[in-house]
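**Q** no sequence for this one, just the structure:
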């Protein structure tokens, strides 16, 4: 069940003024509209029964931060509760806590599939290119799992 609660800034939100304007996460949160994630994952949540779920937008942002900073679920929970930039990027007030680390793996495995992740990544990159956060001059191809023909040929006995 998803419940959209209005986000109200707290008195402590003044702390976010300490974050430099040119910080990558601050720029990304101002430029990229992640609200499409809630619509994309709406079918994977029951609207009428159960306790309110954590917002899919925030959970995807947590996955993004984990990947970007190479953090485990445990480290993400610890770092996220201490790092002002993470809290700002996630849309939380400085005194708010991140969801429990057990929800991260459940969200990854039960709610988000590979196809959905591709759609999320595609839309996020499109918005970043559109707003000039990423330049689209070249194409990169990942060839980490391609076998190279580097075996020395020796005569058979």
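**A** Received the coordinates, thanks. This is a predicted model, so every value here is computed, not measured.
**Q** who touches residue 80 in this structure?
**A** 62, 65, 86, 87, 90, 98 (CB atoms under 8 Å, 6 or more residues apart in numbering). (C-beta placed from N, C-alpha, C; glycine too.)
**Q** quick check, nearest of those residues to residue 22?
**A** The shortest approach to residue 22 among those belongs to residue 86, at 17.0 Å (CB to CB).
**Q** skipping its backbone neighbours, what lies nearest the closest one in space?
**A** Computed as CB to CB, 6 or more residues apart in numbering, the closest residue to residue 86 that is not its neighbour in sequence is residue 80, at 4.7 Å.
**Q** helix or strand for the one you found, which one?
**A** According to DSSP states H and E, residue 80 maps onto helix 73-82.
**Q** tell me what the helix or strand following that helix is packed against?
**A** The C-terminal neighbour of helix 73-82 among helices and strands, as given by DSSP H and E, is helix 84-90. The helices and strands touching helix 84-90, judged by 3 or more CB pairs under 8 Å, 6 or more residues apart in numbering; DSSP states H and E, are helix 24-31, helix 56-69, helix 73-82.
**Q** what is the lengthiest helix in the chain packed up against?
**A** The residue-count maximum for a helix in the chain (DSSP state H) belongs to helix 114-130. With contacts taken as 3+ CB pairs under 8 Å, 6+ apart, helix 114-130 sits against helix 24-31, helix 36-40.
**Q** out of the ones you listed, flag the one nearest residue 131.
**A** Closest approach to residue 131 among the helices and strands packed on helix 114-130 is made by helix 24-31 (4.3 Å; CB to CB).
**Q** quick one on the thing from earlier: okay, the helices and strands packed on helix 84-90, which one's buried deepest?
**A** Stretch with highest mean neighbour count among these: helix 56-69 (a mean of 19; mean count of other CB atoms under 10 Å).
**Q** and for that helix, what are the contacting residues?
**A** For helix 56-69, contacts defined as CB under 8 Å, 6+ apart pick out 2, 34-35, 37-38, 40-41, 45, 71-73, 76, 79-80, 86, 89-92, 98-99, 103-104, 107-108, 111-112, 120.
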